[in-house]
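Colleague: Sequence and predicted model, in that order:
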Amino acid sequence: MKPRLLLVDDDPLIAESLAFVLEADYEVACASDRESAVARLREWPEPPQLALIDLGLPPAAHLPTEGFKLIGDLLAHAPEARIVVLTGQNEESNARRARALGAADLVPKPCEPDQLKAVLRRALASADLAPQPGRAEEGRALVGDSPAMRKLRSQIDLYASSAFPALIEGESGSGKERVAFALHHLSPRAREPFLALNCAAISPSLVEPTLFGYAKGAFTGATQSKAGYFEDAADGTLFLDEIGELPVDLQAKLLRVLENGEYQRVGETQTRVSRARIVAATNRDLRHEIRQGRFRADLYHRLSVFTVSVPPLRELAEDKLRLLDHYRLLFAERSGNPPFELDAGARERWIAYPFPGNVRELRNIVIRLSTKFAGFTVKVTDLEAEFAPAVDAKGETADPLAGVRAAFAAGEPVNLDTALKAVEGAYLDAAIEAARGNLSQAARLLGISRSTLYSRLEATGRSGAKLDAPPTETAGPRIGSGGRP
């Protein structure tokens, strides 16, 4: 069976060309924006192994905003999918941010077909380095010995033996499922099933039959009765990830199960009783969701009998090095290649970097370094190519000179022209995003004329200077050389 690949690009010429080139090796599904991409994900019975996406998508195709959001959507629906980003050759800062959000690799536009295929093969092969379901202890280990990690472990030890629900809160990529598995593994239920359901990964219309099961004939396509997650979990643990995505009408039915264990299969009147422990997780502020009317207050209070907060990686200091060593040795063993090393300057930069994508970002970086530098020593400049621009996970400006200082400390040169161009480009991108693509308004925000903005966009290799021009057709045998970057 061919690997499944989701292709997202709003330029029909580029999408058709890419699909034609890739359909011999992959089962390709195409989408033109975030909404249609999520719909295609839900149509597949199994999540795709690969996604190839453009960052510039409607309604603001000249900005990377929708592409960044789509990366989060993809990882919510298909956490193990490897995401490859199509990027303009002068969009280094956007590419680095995409990697921080969870993208596995990138390919410049335009590109040769053989180059694209090689990148996709590499991304698919790197999926083999990720934790495998049959290697639970190895893949779901909680690594770290910082005060924050010791506090997290003590909470897990305290709450594991209870039968009451637990709510795990934490940023995307911080390892909430690992915490849920630890609660199960350290509990008296350890020999019973541990089932995980991502509430964002399935269509709202399928959530109820998936959770509670259904009777034969309950709806079109229900040719036989089927048990749901509550029934299959038996005396084990049911982990409901992305609980904030649960439709409001389903929240009342989940509340009933939490209150007395009772539920019904769709299409049945017989009442069944669940004995599973419920563990939920979210990266949303559910209190804010309650105020907005998107989440039930009574369900929140039922779920949060015990609340476990997973710390972001930026707060774990030396644990960043422990995770580095854990993953580089693990991936070296799996790939059969010698591990890479970091020199002193690179290790300092590693500790200073905030990892906005948390453990998921760290793991992806280690996978790439393991591929590129197996058996070699990695320097600061090598790391800078992997790190996102200096903005923390809350969107607040971090130290913009951290990487420069680390490079100077290691005696490595920095190209001043390139650095200044990157800073100027970041300001231009921020102004255009704030102005929602209106270049006149963006120019006013920056205190310059529209013509000056055009010239600076051209100088930094951005596409804004051509926003008012009609799109051009793809020329030549190269893929992705349309009018937009």
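Modeller: In hand now; what should we look at?

Colleague: and residue 80, which of the three is it?
Modeller: Secondary structure, DSSP: H, G, I helix; E, B strand; the rest coil: residue 80 is coil.

Colleague: Do you know the pLDDT at it?
Modeller: Residue 80 is assigned a predicted lDDT (pLDDT) of 81.

Colleague: Residue 47 is in contact with that one, correct?
Modeller: Yes. At 7.2 Å, residue 80 counts as touching residue 47 under the criterion of Cβ atoms under 8 Å. Heads up, the C-betas are built off the backbone N, CA and C, glycines and all.

Colleague: out of those two, which sits in the busier spot?
Modeller: It is residue 47, of residue 80 and residue 47, that has more neighbours when counted by other Cβ atoms under 10 Å, with 18 against 13.

Colleague: quick one, longest helix in the protein?
Modeller: helix 416-434 (DSSP state H).

Colleague: among the helices and strands of the chain, which has the poorest mean pLDDT?
Modeller: Ranking every helix and strand in the chain by mean pLDDT, DSSP states H and E puts helix 136-139 at the bottom, with a mean of 43.

Colleague: In contact with residue 255, which residues are there?
Modeller: With contact set as Cβ atoms under 8 Å, 6 or more residues apart in numbering, residue 255 has these partners: 296, 298, 299, 302.

Colleague: next one: residue 124
Modeller: Counting by Cβ under 8 Å, 6+ apart, residue 124 has contacts 3, 49, 50, 82.

Colleague: For burial, what's the neighbour tally of the last one?
Modeller: Looking back up the chat, that one is residue 82. 27.

Colleague: and what of the third one?
Modeller: Summarising burial for residue 50: neighbours were counted as other Cβ under 10 Å, giving 23.

Colleague: I figured it hits residue 78, correct?
Modeller: No. Counting by Cβ under 8 Å, residue 50 stays clear of residue 78, with 9.7 Å between them.

Colleague: for the helix or strand encompassing residue 152, packing partners?
Modeller: Secondary structure from DSSP states H and E places residue 152 in helix 147-159. Under the contact definition 3 or more Cβ pairs under 8 Å, 6 or more residues apart in numbering; DSSP states H and E, helix 147-159 sits against helix 176-185, strand 306-309.

Colleague: So for that helix, mean pLDDT?
Modeller: 93.

Colleague: Identify each buried residue in it, please.
Modeller: Under the neighbour-count criterion of 16 or more other Cβ atoms under 10 Å, helix 147-159 has 148, 149, 152, 153, 155, 156, 159 buried.

Colleague: Equivalent analysis for stretch 372-389, please.
Modeller: So for stretch 372-389, counting by 16+ other Cβ under 10 Å, buried means 373-374, 378-384, 386-389.

Colleague: How about stretch 241-251?
Modeller: 241, 242, 243, 244, 245, 246, 250, 251.

Colleague: out of the residues you listed, who's nearest residue 228?
Modeller: Using Cβ to Cβ, residue 250 comes nearest to residue 228 of these, at 12.1 Å.

Colleague: Does the closest one touch residue 209 like I think?
Modeller: No. Counting by Cβ under 8 Å, residue 250 stays clear of residue 209, with 10.8 Å between them.

Colleague: Tell me where the model's unsure across the chain.
Modeller: Low-confidence segments of the chain (pLDDT under 70): 88-93, 127-141, 389-407, 409-412, 418-419, 436-437, 461-485.

Colleague: picking that back up, using TSV, please lay out the helices and strands packed on helix 147-159 together with distance to residue 277 and mean neighbour count.
Modeller: Listed next are those as TSV, based on distance: least, Cβ to Cβ, whole Å; neighbours: other Cβ atoms under 10 Å:
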stretch	distance to residue 277	mean neighbour count
helix 176-185	8	22
strand 306-309	11	17
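
Colleague: got these as TSV, with distance to residue 201 columns?
Modeller: Formatted as TSV, these follow (distance: least, Cβ to Cβ, whole Å):
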stretch	distance to residue 201
helix 176-185	13
strand 306-309	22
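
Colleague: Ok, which of those comes nearest residue 26?
Modeller: helix 176-185 (27.1 Å).

Colleague: That closest one vs helix 147-159, what angle?
Modeller: Here helix 176-185 points in a direction 40 degrees away from that of helix 147-159 (axes from the mean of the first three to the mean of the last three Cα atoms, to 10 degrees).

Colleague: tell me what helix 176-185 is packed against?
Modeller: Helix 176-185 packs on helix 147-159, strand 166-169, strand 194-198, strand 237-241, strand 277-282, going by 3+ Cβ pairs under 8 Å, 6+ apart.

Colleague: now with 6 Å?
Modeller: Using 3 or more Cβ pairs under 6 Å, 6 or more residues apart in numbering; DSSP states H and E as the contact criterion, the elements in contact with helix 176-185 are strand 277-282.

Colleague: partners of the strand it packs on in the sheet?
Modeller: Strand pairing for strand 277-282, using DSSP bridges, gives strand 166-169 (parallel), strand 237-241 (parallel).

Colleague: rewinding a little: residue 98: which of the contacts of residue 124 is nearest?
Modeller: residue 82 (12.8 Å).

Colleague: hang on, the closest one packs against residue 123?
Modeller: Yes. Under the criterion of Cβ atoms under 6 Å, residue 82 makes contact with residue 123 at 4.1 Å.

Colleague: Make JSON lines from the contacts of residue 124 and add secondary structure and distance to residue 16 to it.
Modeller: As requested, those are exported to JSON lines (DSSP: H, G, I helix; E, B strand; the rest coil; distance: Cβ to Cβ, whole Å):
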{"residue": "3", "secondary structure": "coil", "distance to residue 16": "20"}
{"residue": "49", "secondary structure": "coil", "distance to residue 16": "22"}
{"residue": "50", "secondary structure": "strand", "distance to residue 16": "18"}
{"residue": "82", "secondary structure": "strand", "distance to residue 16": "23"}
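
Colleague: What is the most widely separated pair among these?
Modeller: It's 3 and 82 that sit farthest apart of the contacts of residue 124, by Cβ to Cβ, at 9.8 Å.

Colleague: if I look at the two, which residues touch both of them?
Modeller: Shared contacts of residue 3 and residue 82, defined by Cβ atoms under 6 Å, 6 or more residues apart in numbering, are absent.

Colleague: Let me know the secondary structure of residue 85.
Modeller: Relying on three-state DSSP, one would call residue 85 strand.
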